[in-house]
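Novice: have a look; sequence and predicted model below, questions after that.
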There are 2 protein chains.
Amino acid sequence: MSEQHNVTIKDIAQKLKLSVSTVSRALRDSTEIKPATRQLVRELAAELRYSPNPIALSLKEKKSKIIGVIVPEIANNFCAATIAGIEDIAYSRGYHVIIFQSHEKFEREVINTQLLTSRRIEGLIISLSNETTSLTHIHEMIGKGIPVVMFDRVSDEITTHKVVVNDYYGAYKATEHLIQEGFHDIVHLTISPFLSITQKRLNGYCDALRKYNIPQKKEWIVHCNFDAAEIERSIRRLFSGPDKPNAILASVERLATICMNVLRDMNLRIPDDVALVGFSDNPISHLLSPALTSVRQPTFDIGQQAAELMLNLIENKHAVPKFRTVQLETALDIQASSRRVGVLQEGSR
Amino acid sequence: MSEQHNVTIKDIAQKLKLSVSTVSRALRDSTEIKPATRQLVRELAAELRYSPNPIALSLKEKKSKIIGVIVPEIANNFCAATIAGIEDIAYSRGYHVIIFQSHEKFEREVINTQLLTSRRIEGLIISLSNETTSLTHIHEMIGKGIPVVMFDRVSDEITTHKVVVNDYYGAYKATEHLIQEGFHDIVHLTISPFLSITQKRLNGYCDALRKYNIPQKKEWIVHCNFDAAEIERSIRRLFSGPDKPNAILASVERLATICMNVLRDMNLRIPDDVALVGFSDNPISHLLSPALTSVRQPTFDIGQQAAELMLNLIENKHAVPKFRTVQLETALDIQASSRRVGVLQEGSR
DNA sequence: GGGATTCCCGGTAACGTTTGCGGAATATTA
DNA sequence: TAATATTCCGCAAACGTTACCGGGAATCCC
């Protein structure tokens, strides 16, 4: 509790009867300082456990060494894993990460971007909220010279580095798998139509249906928000009419688990009554009852890639960047939740 | 990409032909400045979208408005949810959060504390790594006047604010439940014996056994790290001898899920062959196969409480604090994984 | 041995803010 | 009207650091 003040370059200068500039130089561009004094300074610095004040440095260099991250929810497997990837790269390159949540609210997302700019972050990595349909706040950041990298929930209206998975093909394969298992009446449960991720997964779904000559129904493409009660109502409505679906392709992890819950409440068996496929990278999804078939996304990689791209942008700030979209592959992890009933379920792990 | 420099107080001063100090004062302690000029300054500031440079402020006030958080893994339900709680409070009080992961490594934890001190954080919220047995790095921080709040994985060797759940009673109730369901041969799978959380849960387990006159076996108290292969070996060993357990109380969430995996590989049915109870706050744990009985922890609350305590510490820095340990209650969520076999399993949700 | 280099180092400004002090202009009082 | 009080604002220092500029002393060359 000694409340001691952090040792500064000035302290070292005084003790050694040198000027601050000499000490500063001794600690960096060595050539200008005599080896003897350099040595002296370095030793005392080590002894006093001197560490340069990053705040003063930030002020001088106009660099905060902080990158901002905005995600819908931290307490969400996908986001948490991606953040871990971002953290991993940022950490190893001397950057720190400040995380904000939009809680799927547009307004909150905007406020967060403002807070982050006022914090003088050097870059923003963002996955859009489900409510977002206007992107002026993102354009503003780019306008201020703050580089932006988007991942997962990206938008075509912004030209910048992006990291996504092969959403189209993931959805296509998942749908095809359902069809091949004999499930032809497939509902697509998805999120905001504004997001390109939604578009692409939807296209994959539609194309797979088309390939197998299965008519596509408008009512079976359901755009959800993340309100559990509302999702429940949507699902119940789907099963209330005369022609009921026999499979659900859920576009994001939380949608799939909420779905499982609702189906259970409705006493619908999976996959006997309804097959279910989700997008996920949750390691415990195969421990579910039944084990959940899912389009696996390399979450940690996504984060790493996003961070890499961001650091390139930051560190070559004055080169005109050639923006690119990194697309990672998914893998269809087939489990019990989408297997044709009656088929032997051994090896369900 | 206009790379425009952020508008400063100096810009405002020039345009208004005032001095910087006047502008500064107009923006704060208004009384000294004539209402007319005050108005002028404020209007221009608003028009130019001036926002004070937090870095310069930090340097001046010697306050970074940043609190550091160290957790074992972000991509872990418990940690992520706690962080969400911390973030929630910090956000609303104008603080930002920098998160580091120890990855359960002592060395990494130490480096992280050093990085955070050099970043001039105003406080540290930490849940210890499983490897940590020495606490000099924490004592050093406290010695430097940086307040520390511990949560979940706390230690008795540090006197500071702590946030925990009623670990003893949680483990006690879980064990008692197993016993009452007819499972008397209970293994306790837990983590580092150094952590007080481990001690308390162990005590709860032991006391419950004692109350029901069930002899306690040393070999059935297993301290694990988080290496899946090693955990698997430990579990297999337990079932290799002549007297096999028929229940497992897993002390943390990841231990429970790894356990489920291993048991499945070993073709042991839950709960028919082995009952399983975990500690968790994962919303999908009741969707598992079988639904997992668990000691529910109020993760979000834990984070909020920790952040509250931290902010009190920071903002009343010169008052001698009366350290306290906030203990939150757990709730035993009984599911299929620990129900006596043969009992009707309706209402398993 | 005197001038030109080279070698070391110190002074100072700057990054953007806040704040104590002092001073000019105005208002108040005797 | 002169003296005093009050109002309003500018100057400068400070936070910790780096970098430009410049200068004294030692060394070099012929």
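Specialist: That came through, no problem. Numbers count the residues shown, from 1 in each chain, chains lettered A, B, ... in the order given.
Novice: do stretch A:90-102 and DNA strand D meet at all?
Specialist: No - between stretch A:90-102 and DNA strand D, judged by CB under 7 Å from any atom of the strand, nothing touches; the nearest distance is 13.9 Å. Every C-beta, even on glycine, is put in place using the N, C-alpha and C of the backbone.
Novice: report the mean per-residue pLDDT for that stretch.
Specialist: On average, the pLDDT along stretch A:90-102 is 93.
Novice: how about it: buried residues?
Specialist: A:90-91, A:95-102 (16 or more other CB atoms under 10 Å in any protein chain shown).
Novice: what of stretch A:253-266?
Specialist: Buried residues in stretch A:253-266, counted by 16+ other CB under 10 Å: A:253-264.
Novice: quick revisit: looking at the buried residues of stretch A:90-102, which are in strands?
Specialist: Per DSSP state E, strands hold the following members of the buried residues of stretch A:90-102: A:96-101.
Novice: filter these down to the ones close to chain B.
Specialist: With CB under 8 Å from any CB of the partner chain as the criterion, the members of these in contact with chain B are A:96-101.
Novice: any idea how far whichever residue of chain A sits closest to chain B lies from A:Leu276?
Specialist: As assessed by CB to the nearest CB, chain B sits closest to A:Ser289 within chain A, at 3.1 Å. For A:Ser289, the distance to A:Leu276 equals 12 Å [CB to CB, to the nearest Å].
Novice: neighbour count: the two, which is higher?
Specialist: A:Leu276 (29 against 18; other CB atoms under 10 Å in any protein chain shown).
Novice: could you confirm the more buried one falls within a strand?
Specialist: Yes - with DSSP: H, G, I helix; E, B strand; the rest coil as the criterion, A:Leu276 is located in a strand.
Novice: coming back round to it: closest to B:Lys15 out of the buried residues of stretch A:253-266?
Specialist: B:Lys15 has its nearest neighbour among the buried residues of stretch A:253-266 in A:Arg254, at 49.9 Å by CB to CB.
Novice: can you tell me which residues contact the closest one?
Specialist: Contacts for A:Arg254 (CB atoms under 8 Å, 6 or more residues apart in numbering or on different chains) come out as A:76, A:226.
Novice: let me know the secondary structure of it.
Specialist: helix.
Novice: need the pLDDT of it.
Specialist: pLDDT, read off for A:Arg254, is 91.
Novice: give me the distance between it and A:Glu131.
Specialist: Using CB to CB, one gets 15 Å for the distance from A:Arg254 to A:Glu131.
Novice: all strands of the stretch 151-300 of chain A, in order?
Specialist: Counting by DSSP state E, counting those that start in this stretch, one finds strands in the stretch 151-300 of chain A at the ranges A:161-165, A:186-190, A:221-223, A:247-250, A:275-280, A:293-296.
Novice: now render those as JSON lines, adding mean pLDDT and distance to DNA strand D.
Specialist: Below are the strands of the stretch 151-300 of chain A laid out as JSON lines (pLDDT from 0 to 100; distance: least, CB to the nearest atom of the strand, whole Å):
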{"stretch": "strand A:161-165", "mean pLDDT": "97", "distance to DNA strand D": "29"}
{"stretch": "strand A:186-190", "mean pLDDT": "96", "distance to DNA strand D": "50"}
{"stretch": "strand A:221-223", "mean pLDDT": "95", "distance to DNA strand D": "51"}
{"stretch": "strand A:247-250", "mean pLDDT": "96", "distance to DNA strand D": "52"}
{"stretch": "strand A:275-280", "mean pLDDT": "94", "distance to DNA strand D": "46"}
{"stretch": "strand A:293-296", "mean pLDDT": "96", "distance to DNA strand D": "46"}
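Novice: nearest to A:Gln114, of those strands?
Specialist: strand A:161-165 (22.1 Å).
Novice: give me the residue from the stretch 201-349 of chain A nearest DNA strand D.
Specialist: Proximity of the stretch 201-349 of chain A to DNA strand D (CB to the nearest atom of the strand) peaks at A:Glu315, 15.9 Å away.
Novice: what's the burial count for that residue?
Specialist: Count around A:Glu315 with other CB under 10 Å applied: 10.
Novice: again, but for the one 10 residues further on
Specialist: Neighbour count for A:Thr325, taken as other CB under 10 Å: 15.
Novice: kindly report the same for A:Phe106.
Specialist: Neighbours of A:Phe106 under the rule other CB under 10 Å: 16.
Novice: out of everything not next to it in sequence, what's closest to it?
Specialist: Nearest non-adjacent residue to A:Phe106, counting by CB to CB, 6 or more residues apart in numbering or on different chains: A:Glu131, 4.0 Å away.
Novice: got the residues of chain A near DNA strand D?
Specialist: Within chain A, the positions near DNA strand D by CB under 7 Å from any atom of the strand are A:5-6, A:8-10, A:20-21, A:24-25, A:27-29, A:50, A:52-53, A:56-57, A:59-60.
Novice: can you tell me which of those residues are up against chain B?
Specialist: Here is what survives when those are matched to chain B using CB under 8 Å from any CB: A:6, A:52-53, A:56, A:59.
Novice: between all of those, which two are at the greatest distance?
Specialist: Largest pairwise distance in those, by CB to CB, is 15.6 Å, between A:Asn6 and A:Leu59.
Novice: contacting residues for the residue in chain A positioned nearest to DNA strand C?
Specialist: Among the residues of chain A, A:Thr22 lies closest to DNA strand C, at 2.9 Å counting by CB to the nearest atom of the strand. Neighbour list for A:Thr22: A:13, A:33, A:37, A:41 [criterion: CB under 8 Å, 6+ apart].
Novice: pretty sure it is in a strand, no?
Specialist: No - under three-state DSSP, A:Thr22 sits outside any strand and is assigned helix.
Novice: hang on, the earlier thing: the residue nearest to A:Phe106: what secondary structure?
Specialist: At A:Glu131 the chain is in coil, as set by three-state DSSP.
Novice: put together JSON lines for the ones next to chain B among the ones in strands among the buried residues of stretch A:90-102, with distance to B:Gly182 on each row.
Specialist: Output for those, formatted as JSON lines (distance: CB to CB, whole Å):
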{"residue": "A:His96", "distance to B:Gly182": "52"}
{"residue": "A:Val97", "distance to B:Gly182": "49"}
{"residue": "A:Ile98", "distance to B:Gly182": "51"}
{"residue": "A:Ile99", "distance to B:Gly182": "46"}
{"residue": "A:Phe100", "distance to B:Gly182": "49"}
{"residue": "A:Gln101", "distance to B:Gly182": "44"}
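Novice: thought A:Ile86 was touching A:Ile126?
Specialist: No - A:Ile86 is beyond contact range of A:Ile126, at 11.1 Å (criterion: CB atoms under 8 Å).
Novice: need the overlap of contacts for the two.
Specialist: Joint contacts of A:Ile86 and A:Ile126 (CB under 8 Å, 6+ apart) are A:Val69.
Novice: show me the contacts for A:Ile186.
Specialist: Contacts of A:Ile186 (CB under 8 Å, 6+ apart): A:175, A:178-179, A:205, A:209, A:214, A:220, A:245-249.
Novice: what's near enough to touch the closest residue to it other than its chain neighbours?
Specialist: Excluding the flanking residues, the one nearest A:Ile186 by CB to CB, 6+ apart is A:Ala247, at 4.4 Å. By CB under 8 Å, 6+ apart, A:Ala247 lies in contact with A:178, A:183-187, A:271, A:274-277, A:338.
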